[in-house]
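**Student:** structural data only, the sequence is not supplied:
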């Protein structure tokens, strides 16, 4: 393995003997300066085919959360009857880190009913329970019960699917409108916030994913409905400029999709847009 880029003290981007890029985890691998050879004895785990866009995550997520997720994934993958998206370890680590952040701020995000998911995805719910339990033990952080479903959804969404499944066809139909609405939403942010949004960052990719699920809920006439309304006015006051931007987006969605955003949807959108706008501009 030849080191080509150090991500942090314990993660590096390398090339193997075939010239393929691979993300390498191991204690102290980040101290091997490129383009030196990395001793095999230092390598604890490797991940191929990780989208370069997601590598910036490794600088944003606490290293201990990345390491925890990678350790969990190494055990879980041996029991999965299917292949998963190669970026799962990073997107899942990001989800878990954000879940702990929400707990600290007292923000609860509702997830699909565990009973509804367990009927169709018993294995993924079992994995979710295992990961949430392990995380609570390791980080001494009590997560909401809904995070079981949150973890399960990451595995469900990362599951390799064939293009001719009904779900894949439905997703393709949504994709046609999604790109157009996402771009219009982004342009509203740029106009209202007077900035240029970088579309090549992970925060933007995370925001784009949120918009995709938001549109799905709107088109299915479903909404997030939880107990966060007490935080709504506080967050609006704290991020008044972002809240005003979300008001414009809500007007656009109501006009285009004939479905307005309720306060819960607006609250979560404010949080995502704030992350996009914080240091993610050209």
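**Tutor:** Received the coordinates, thanks. Computed from a prediction, not measured in an experiment: that's the story for all the values here.
**Student:** roughly how far does the most centrally placed residue in the chain sit from residue 37?
**Tutor:** Most central in the chain under Cα atoms, centre = their mean is residue 91, positioned 4.5 Å from the mean C-alpha point. Distance of residue 91 to residue 37, computed by Cβ to Cβ, to the nearest Å: 30 Å. All C-beta atoms are positioned from the backbone trio N, CA, C, and that covers glycine.
**Student:** picking that back up, confirm the residue nearest to the centre of the chain sits in a helix?
**Tutor:** Yes - assessed by DSSP: H, G, I helix; E, B strand; the rest coil, residue 91 belongs to a helix.
**Student:** ok, the residue lying closest to it once chain neighbours are set aside - how many residues close by?
**Tutor:** In space, and not counting its chain neighbours, residue 91 is closest to residue 154: 6.4 Å by Cβ to Cβ, 6 or more residues apart in numbering. Residue 154 has 22 neighbours, counted by other Cβ atoms under 10 Å.
**Student:** now do residue 196
**Tutor:** For residue 196, the count of nearby residues is 11 (other Cβ under 10 Å).
**Student:** one more: the one 5 residues further on?
**Tutor:** Residue 201: 17 surrounding residues under other Cβ under 10 Å.
**Student:** and it, how far is that from residue 56?
**Tutor:** Distance from residue 201 to residue 56, by Cβ to Cβ: 7 Å.
**Student:** now do residue 267
**Tutor:** In terms of Cβ to Cβ, residue 267 sits 26 Å off from residue 56.
**Student:** more crowded one of these two?
**Tutor:** residue 267 (24 against 16).
**Student:** hmm, residue 268 is touching residue 207, no?
**Tutor:** No - Residue 268 sits out of contact with residue 207 when judged by Cβ atoms under 8 Å, with a separation of 10.9 Å.
**Student:** list the buried residues in the one helix or strand residue 150 maps to.
**Tutor:** Assessed by DSSP states H and E, residue 150 sits inside helix 147-158. Buried residues in helix 147-158, defined by neighbour count with 16 or more other Cβ atoms under 10 Å: 147-156, 158.
**Student:** ok, the closest residue to residue 37 other than its chain neighbours - how many residues close by?
**Tutor:** Excluding the flanking residues, the one nearest residue 37 by Cβ to Cβ, 6+ apart is residue 2, at 5.7 Å. By the criterion of other Cβ under 10 Å, residue 2 has 15 neighbours.
**Student:** hang on, residue 2 packs against residue 33?
**Tutor:** No - taking contacts as Cβ under 8 Å, residue 2 lies outside contact range of residue 33: 11.3 Å.
**Student:** for residue 92, give its distance to residue 69.
**Tutor:** For residue 92, the distance to residue 69 - Cβ to Cβ - is 5 Å.
**Student:** mind listing what's buried along stretch 207-217?
**Tutor:** For stretch 207-217, by 16+ other Cβ under 10 Å, it's 207-208, 210-212, 214-215.
**Student:** on that earlier part again, residues contacting the residue nearest to residue 91?
**Tutor:** 88, 91-92, 95 (Cβ atoms under 8 Å, 6 or more residues apart in numbering).
**Student:** cool, and residue 89?
**Tutor:** If you count contacts by Cβ under 8 Å, 6+ apart, then residue 89 has 47, 66, 69-70, 73 around it.
**Student:** so where is the stretch 51-200 of the chain shaky, pLDDT-wise?
**Tutor:** 53, 109-116, 119-120, 160-176 (pLDDT under 70).
**Student:** helices of that one, residue ranges please.
**Tutor:** Using DSSP state H, counting those that start in this stretch, the helices of the stretch 51-200 of the chain run over 57-60, 63-76, 88-105, 114-120, 122-139, 147-158, 166-193.
**Student:** and these as CSV, adding distance to residue 252?
**Tutor:** Shown next, in CSV, are the helices of the stretch 51-200 of the chain (distance: least, Cβ to Cβ, whole Å):
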stretch, distance to residue 252
helix 57-60, 29
helix 63-76, 35
helix 88-105, 26
helix 114-120, 31
helix 122-139, 34
helix 147-158, 26
helix 166-193, 6
